[in-house]
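Student: any chance you could fold what I've pasted below:
(2 chains)
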Protein chains: 2
Amino acid sequence: MLKLCRKYLNWIQNSVFEGDITESKLKELLASAKKIMDLNTDSIIVFKSRDQYWLDKEIIGQERGSTINFI
Amino acid sequence: MLKLCRKYLNWIQNSVFEGDITESKLKELLASAKKIMDLNTDSIIVFKSRDQYWLDKEIIGQERGSTINFI
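Tutor: Coordinates of the predicted model:
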């Protein structure tokens, strides 16, 4: 799941990913995710901001570089 | 940290919390969090939506009831 999500988004913390993604790419990602998750126990929550202006982000502590690959 | 965050927000997934919170309550939460986290290795990322209208949420799989206490 980590590998899949990182194909489309930046990994920012534990099971949290962030990024700009088109609706079609998001559908593709979610379709692939559904194949590997157990829909009875696992979950993905997608927060979509319609406009970047309306979403503030504040980081406390160590920032994980959004474009650094560290695996 | 879980106990602290749940005082102010709803736990929605792993290390992810969500909720309506005032700026002063958020400051209070973050001040308490800083006392128990290691700022060199740990991180908290706060996403703030200025208007609920601008944030869509989509849940795939099992939804964790936002008001259920299960600990």
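Student: out of everything not next to it in sequence, what's closest to the most centrally placed residue in chain A?
Tutor: For chain A, the residue nearest the mean C-alpha position is residue A:17 (2.7 Å; Cα atoms, centre = their mean). Of all residues not flanking residue A:17 in the chain, residue A:9 sits nearest, at 3.9 Å (Cβ to Cβ, 6 or more residues apart in numbering or on different chains). In this view, the C-beta of every residue, glycine as well, is placed from N, C-alpha and C.
Student: got the contact list for the one you found?
Tutor: Neighbouring residues of residue A:9 by Cβ atoms under 8 Å, 6 or more residues apart in numbering or on different chains: A:17-19, A:21, A:29.
Student: residue A:29 now?
Tutor: A:4-5, A:7-9, A:21.
Student: quick one: buried ones out of these?
Tutor: Among the contacts of residue A:29, those buried by neighbour count (16 or more other Cβ atoms under 10 Å in any protein chain shown) are A:5, A:8-9, A:21.
Student: would JSON lines of those residues with secondary structure and pLDDT be doable?
Tutor: Below are these laid out as JSON lines (DSSP: H, G, I helix; E, B strand; the rest coil; pLDDT from 0 to 100):
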{"residue": "A:5", "secondary structure": "helix", "pLDDT": "95"}
{"residue": "A:8", "secondary structure": "helix", "pLDDT": "96"}
{"residue": "A:9", "secondary structure": "coil", "pLDDT": "95"}
{"residue": "A:21", "secondary structure": "coil", "pLDDT": "93"}
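Student: which one among those gets closest to residue A:61?
Tutor: Of all these, residue A:9 has the smallest distance to residue A:61: 20.8 Å, by Cβ to Cβ.
Student: write out the residues of chain A neighbouring chain B.
Tutor: Residues of chain A lying near chain B by Cβ under 8 Å from any Cβ of the partner chain: A:12-16, A:30, A:33-34, A:37-51, A:54-64.
Student: quick one, which of these are buried?
Tutor: Among the residues of chain A next to chain B, those classed as buried by 16+ other Cβ under 10 Å are A:12-13, A:16, A:33, A:37, A:43-45, A:55, A:61, A:64.
Student: filter these down to just the ones in helices.
Tutor: Counted as lying in helices by DSSP state H, out of those, are residue A:33.
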